[in-house]
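> Next come a sequence and a model predicted from it.
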Amino acid sequence: MTTLNINGKSRKINLPADTPLLWALRDQLGLTGTKYGCGMALCGACTVHIDGEPTRACVTPISAVIGKKIVTIEAIEQDQTGKKVQDAWLNLGVPQCGYCQAGQVMAATALLKQHPQPSDAEIDKAMSGNLCRCGTYPRIRAAIKQAAGLPEGQS
């Protein structure tokens, strides 16, 4: 049995230590907001926060997160910055199909916690590993700027 700190709660799981965190979250704990996309940390659909850092859950073994704070999309609204990001996402109608959006929100929240008023270059760098097949990138950028309190055209 392994105990993990997920969304502020101790959760017990019974899986091998090399099991990816994604499968512990989805299959063992029913936290299905974190999505499986590529399984190789290339698309960002599985992004969670580990001690505040955006991390790909599909390639992170549960052994690597013991004793760390894991936050998933299910609890991001409890964070003031995460709430602003989610509100901006809704205000601007960012999602199209929505599949990648949990990972996008998690990456954007981490960005704004590190850079409260990011430049376009900082947004590009932080979001570059999060793919959106629907191409909602302009709305994602606008939502990040809205959550940061920046005018949409500012870089």
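Ah, there it is.
> Name the residues that touch stretch 75-89?
Outside of stretch 75-89, the residues within contact range by Cβ atoms under 8 Å, 6 or more residues apart in numbering are 7-8, 49, 71, 94-95, 101, 104-106, 108-109, 112-113, 142-144, 146-147. For glycine as for every other residue, the C-beta is placed from the backbone atoms N, C-alpha and C.
> can you tell me which of those residues are in helices?
By the criterion of DSSP state H, membership of these in helices covers 101, 104-106, 108-109, 112-113, 142-144, 146-147.
> out of those, which is most surrounded?
The member of the ones in helices among the contacts of stretch 75-89 that has the most neighbours, counting by other Cβ atoms under 10 Å, is Ala108 with 33 neighbours.
> Number of residues surrounding Ala126?
Using other Cβ under 10 Å as the criterion, Ala126 is surrounded by 19 other residues.
> Now do the same contact list for the closest residue to it other than its chain neighbours.
Nearest residue to Ala126 in three dimensions, chain neighbours excluded: Leu111, at 3.8 Å (Cβ to Cβ, 6 or more residues apart in numbering). When contacts are counted by Cβ under 8 Å, 6+ apart, Leu111 is found next to 118, 122-123, 126-127, 144.
> Same check on Lys69?
Applying Cβ under 8 Å, 6+ apart, one finds that Lys69 lies in contact with 5, 8, 49-52.
> Quick check: phi and psi on it?
Dihedral angles of Lys69 (phi, psi; degrees, to the nearest 10) stand at phi -90, psi 120.
> How confident was the prediction at it?
At Lys69 the predicted local confidence, pLDDT, stands at 98.
> Distance-wise, check the residue nearest the centre of the chain relative to Pro151.
Of all residues in the chain, the one closest to the mean position by Cα atoms, centre = their mean is Met106, 2.3 Å from it. As judged by Cβ to Cβ, to the nearest Å, Met106 and Pro151 stand 25 Å apart.
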